[in-house]
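S.K.: Pasting the sequence and the predicted model now:
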Amino acid sequence: MTPEDITALFTRSDGSYLFARWGRPIAPIVFGVEDATLQVVKGACEAVVALAGHKMAETDPELGANLMFFFFRDWAELLDVPDLGRMIEGLTPLVDRLQAADANQYRVFRFDADGAVKACFVFLRMDAAMSAIPAEELALGQVAQSVLLWSDTAFSARSPLAVAGGKVILRPEIAGVIAAGYDPVMPAVAQDPSHALRLFARMSAAGA
């Protein structure tokens, strides 16, 4: 990847650069799936968190769980989830917008006082297109998009995943960005595009 490629991954549609990684251990929970799929999602979390060199936890002391996956058939179902409206400000108008857009996925991030990620809510409406994706592929893609605050356009043209040897994996360059972003010498939050040059340097040093 070039520095420009990396910059684009964190440059939002309004032109601003914003990078943020998790500032606390990730404690995932999954709603709306069978036990087998639950294990697939948690396995994807473990794999991506290990790649990042970050940590997982059974619980978050403030939130209980801080990476929440919701699988459902209709956006309106979110309005019936206990306490979700308290955790996500403006839930009703958000649901209205997602319904109007016929969206099948959405992520909401929450941040701590320093700007690092402290929670992420992943909403997956299982329409025909989403239901056709194998569970392992769906889980890996969603976890990869939740482990960093990517640009809202980062993966609009190309998935973070690839196929190697008949197996779905993270694209090597995306895995390299994740690992570089969690390097201890790197900041947890950055708003200056020069940060992308530092990511590039870390990736080059690691041979990514």
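M.R.: Cool, the structure landed.

S.K.: Verify the stated contact: residue 179 with residue 51.
M.R.: Yes. At 5.9 Å, residue 179 counts as touching residue 51 under the criterion of Cβ atoms under 8 Å. Yep, even glycine has a C-beta here, placed from its N, CA and C like the rest.

S.K.: Check which residues of the longest helix anywhere in the chain are buried.
M.R.: Under DSSP state H, the helix in the chain containing the largest number of residues is helix 35-52. Across helix 35-52, burial judged by 16 or more other Cβ atoms under 10 Å covers 37-38, 40-42, 44-45, 47-49, 51-52.

S.K.: and which of these is nearest residue 19?
M.R.: Nearest to residue 19 among the buried residues of helix 35-52: residue 52, at 13.4 Å, using Cβ to Cβ.

S.K.: all strands for this structure, in order.
M.R.: 19-20, 28-31, 67-72, 105-111, 117-125, 161-164, 167-170, 189-190 (DSSP state E).

S.K.: Buried residues of the fifth one, list them for me.
M.R.: Judged by neighbour count using 16+ other Cβ under 10 Å, the buried positions of strand 117-125 are 117-125.

S.K.: who touches it?
M.R.: By Cβ atoms under 8 Å, 6 or more residues apart in numbering, the residues outside strand 117-125 that reach it are 20-24, 60, 62-63, 66-75, 78, 87-88, 98, 103-112, 130, 138, 142, 146, 148-149.

S.K.: Could you list which residues are in contact with the residue nearest the centre of the chain?
M.R.: Nearest to the geometric centre of the chain sits residue 146, at 1.1 Å (Cα atoms, centre = their mean). The contact partners of residue 146, by Cβ under 8 Å, 6+ apart, come to 67, 107, 120, 122.

S.K.: thinking the first one is in contact with residue 45, fair?
M.R.: Yes. Between residue 67 and residue 45 there is a contact under Cβ under 8 Å: 6.9 Å.
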